[in-house]
Structures are given as structure tokens and as C-alpha cells.
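Novice: My questions are about this predicted structure, shown below with the sequence.
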Amino acid sequence: PQQPSSPKLFHLGMFEIGKPLGKGKFGRVYLAKHRSSGFICALKVLHKSELQMGKVEKQVRREIEIQSNLAHPNILRLYGHFHDAKRIFLILEFAGKGELYKHLRKEVRFPEWKAAQYIAQMAAALKYLHKKHVMHRDIKPENILVGIHGEIKISDFGWSVHAPNNRRKTMCGTLDYLPPEMIKPTGNDSFYSEKVDLWSLGVLTYEFLCGEAPFEDEPLKTQKRIVRCEMTVPGYVSAEAKDLIKKLLVVDPEKRISLEDVERHPWIIKHCVKGERATNRSAELAKM
Ligand SMILES: Cc1cc(Cn2cc(-c3c(Cl)cnc4nc(-c5cn(C)nc5C)[nH]c34)cn2)no1
């Protein structure tokens, strides 16, 4: 008879810890090798004391519960977790090309073919999440990593929840990506749904193409500009790209373009059809 698969028990001694890869608000990430299998991963180390002080234990529990059950090429895998007296360890997929926002800052803004391919991958990942009634709620360049083949991977599910969700969350960090319905709940329905990720996808498309977020300003002005959707798209952005941004950045969540329609949008088709990809890839290789 089939051996029952042994429960995945991990402990720190099983890993050889390598160089630090980065640090976040509540811990650090290290390159790590699982000794027995030689498997390379990223080990996120969180300090329980800091999580308690920051009142984010619940978020970390949710991040573990949600991300452990996801398997998609454009979502960073969480293979397992364990803890000792002082720390919680998340065994994460290693993304070979690091944090997307660093690439964006270095290139200032992405060419349209690269932005379109990234948005197509984001739409595929969000479709997968929404099918499981999970909304990420914190889509922004800082929460996206790049795999060894240049594919993007959504990471950091600390703010993700199961939809619908009518609790207002105390937000920290940038307001730039917040949709109007999370800033000012309209009328009686203070519920918001997965459609919050569609708004953020619009903000992400704009930032990939322009190098800054559409409503960037000092906080109070940003909130006003978001709820009124006051933004201008620079002239160098193509008409098709501008059309997609305008169909995602719609104040009424019900009127935002669907993820299916994002995947079928002319701007996406134009840059993501096989032939196009080959020419873009050679352009990218030529740059190296
Ligand atoms: C705590 C904490 C830190 C962070 C931000 N962060 C994520 C990583 C990271 C992860 Cl989780 C997975 N794979 C990675 N690969 C890199 C990387 C690769 N290169 C060539 N350069 C880097 C950097 N970083 C990865 C690191 N820091 N979130 O929570």
C-alpha cells in the first residue's frame, strides 16, 4: 500500500542559510538551501515580538493560510512554514531576478511590450485568485518579484482576504494603489469585492508605462484625486494602453473591465501574441 506522505515537518537545521536577499518591515529574507534535497528557496524570517508589537500576527496567519493553498506560475509559492521560540520561518519560492520595483526604478519606465506582458501575467494570476474568492488588495510593484525567465510573481499576501469584505482596514504604506471604495465606502454598501484588484491593476499599468503612480501627490490630495479619478495619461502612452488604463481606473467597481476582457484587450493581444514575443525577446537579448 502507498506510504502515507510524511507530514511536512521542517526545522531550521534542515536549511543552509545563504546571503540576505532583502528586508521588510517585520523581518528579513535569506537565500537558503534545503540540505537533504539541495532545493534552493527563500527563507523569510519574522520575529514574533515584532509581529506582536505591530499587531500583525493575524495578517501573517492569513498570509500563510492563503499562500500555502495557491499554485500558479505568476504567484510566489509558499512551500511550508515552521517556528521556534522567537521566530516564524516561511519557506518561499526563490525568484531568480529579484524585486520588480528595483527593475522599474532602474529602467525608469518599461517599454510597452514588456508592460503588456507583465499586465497579461498579472491578469492571469488575479483570475486564478478571484476564482478562489481571494482578493490580494495590495497589488503594487513592491509586492511583485521576477523569476529567472523574466516572468513576474505576486508575493506578500499579508493584506489578502477572502471576499467579500466589509471591514475597513487600518492602512499603512502608500495610498497610491487604494481604490475609491476603500477610501470612501459609497452609500449603504460598505462591502468591497475582488474588483479592488482591478483598480490596482490599472494603477500598476500606469506606473509601468509612466514610472510613477497616476494619483501620486501628498496624502490628502492623493485621496481626493483617487475618489474623483483625477489623472492625466502622458502623450507618449499609446492610445491602446491609455484605453485599457481608462477601463480599469473607473470609480464604480461594477463598471471596471473584467479580467477576461483585459486578456482580450487589443493592447495585450498586440504585445503578447507569439510572433511579437519573439521579436521583443531578441530586442531584450540585444540589449545585454
Ligand atoms: C521580510 C520581507 C522582505 C521582503 C522583500 N523581499 C522579498 C525577497 C525575495 C523573495 Cl521572498 C523570494 N525570492 C527572491 N529573490 C530575490 C533576489 C534575487 N536577486 C537576484 N536579487 C534578489 C534581491 N529576492 C527575493 C527579498 N526581499 N518581504 O518581506
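Specialist: The structure has been received and is ready for your questions.
Novice: what's the following helix or strand after the longest helix along the chain?
Specialist: For the chain, the helix with the greatest residue count under DSSP state H is helix 112-131. Counting by DSSP states H and E, the next helix or strand C-terminal to helix 112-131 is strand 134-135.
Novice: Note down every partner strand of that following strand and its orientation.
Specialist: Partner strands and pairing direction for strand 134-135 (DSSP bridges) are strand 161-162 (antiparallel).
Novice: that older thread, so what touches the longest helix of the chain?
Specialist: 70, 72, 74-75, 100, 110, 135-136, 139, 144, 151-152, 154, 160, 163, 194, 197-198, 201, 204-205, 208-209, 238, 241, 244, 259-260, 262-263, 267-268, 270-272, 276-277, 280, 283-284 (C-beta atoms under 8 Å, 6 or more residues apart in numbering). To be clear about C-beta, it is placed using only N, CA and C from the backbone, and glycine gets the same treatment.
Novice: Now list the buried members of those.
Specialist: Among the contacts of helix 112-131, those scoring as buried are 70, 72, 74-75, 100, 110, 135-136, 139, 144, 151-152, 154, 160, 163, 194, 197-198, 201, 204-205, 208-209, 241, 244, 259, 262, 267-268, 271-272, 280 (criterion: 16 or more other C-beta atoms under 10 Å).
Novice: Per-residue confidence, Gly275, what does it come out as?
Specialist: pLDDT, Gly275: 62.
Novice: ok, now Leu9?
Specialist: Looking at Leu9, its pLDDT reads 87.
Novice: secondary structure class for it?
Specialist: coil (DSSP: H, G, I helix; E, B strand; the rest coil).
Novice: mind listing what it touches?
Specialist: Phe82.
Novice: what separates it from Ile245, distance-wise?
Specialist: Relative to Ile245, Leu9 is positioned 47 Å away (criterion: C-beta to C-beta, to the nearest Å).
Novice: List phi and psi for Leu78.
Specialist: Main-chain dihedrals, Leu78, degrees, to the nearest 10: phi -110, psi 110.
Novice: Give me the neighbour count for it.
Specialist: Residues near Leu78, counting by other C-beta atoms under 10 Å, number 22.
Novice: same question, Ser193
Specialist: 17.
Novice: pLDDT score assigned to His136?
Specialist: 84.
Novice: Quick check: residues of the stretch 1-150 of the chain near the ligand?
Specialist: 21-24, 27-29, 42, 44, 92, 94-95, 97-99, 145 (C-beta under 6 Å from any ligand atom).
Novice: Now for these: which two are most distant?
Specialist: Gly27 and Lys97 (21.8 Å; C-beta to C-beta).
Novice: In the stretch 151-288 of the chain, where is pLDDT below threshold?
Specialist: Applying pLDDT under 70 to the stretch 151-288 of the chain flags the ranges 164-173, 187-190, 274-282.
Novice: all helices for it, in order.
Specialist: With DSSP state H, counting those that start in this stretch as the definition, the stretch 151-288 of the chain shows helices at residue ranges 180-183, 195-210, 219-227, 239-248, 259-263, 266-272, 274-287.
Novice: quick one: the nearest residue to Val203 once chain neighbours are set aside and the ligand, what's the gap?
Specialist: Using C-beta to C-beta, 6 or more residues apart in numbering and skipping the chain neighbours, the partner closest in space to Val203 is Tyr177 (5.1 Å). Applying C-beta to the nearest ligand atom, to the nearest Å, the value for Tyr177 to the ligand is 17 Å.
Novice: Please report how far Val262 lies from the ligand.
Specialist: Distance from Val262 to the ligand, by C-beta to the nearest ligand atom: 26 Å.
Novice: Going forward, the N-terminal residue is numbered 7.
Specialist: From this message on, residue numbering opens at 7, which makes the last subject Val268.
Novice: give me the number of residues near the residue nearest to that residue when sequence neighbours are not counted?
Specialist: What sits nearest to Val268 in space, not counting adjacent residues and going by C-beta to C-beta, 6+ apart, is Ala129, at 4.5 Å. By other C-beta under 10 Å, 23 other residues sit near Ala129.
Novice: Show me what residue of the stretch 57-206 of the chain gets nearest to the ligand.
Specialist: Proximity of the stretch 57-206 of the chain to the ligand (C-beta to the nearest ligand atom) peaks at Gly104, 3.0 Å away.
Novice: correction: the chain
Specialist: Closest contact between the chain and the ligand, by C-beta to the nearest ligand atom, is at Gly28 (2.2 Å).
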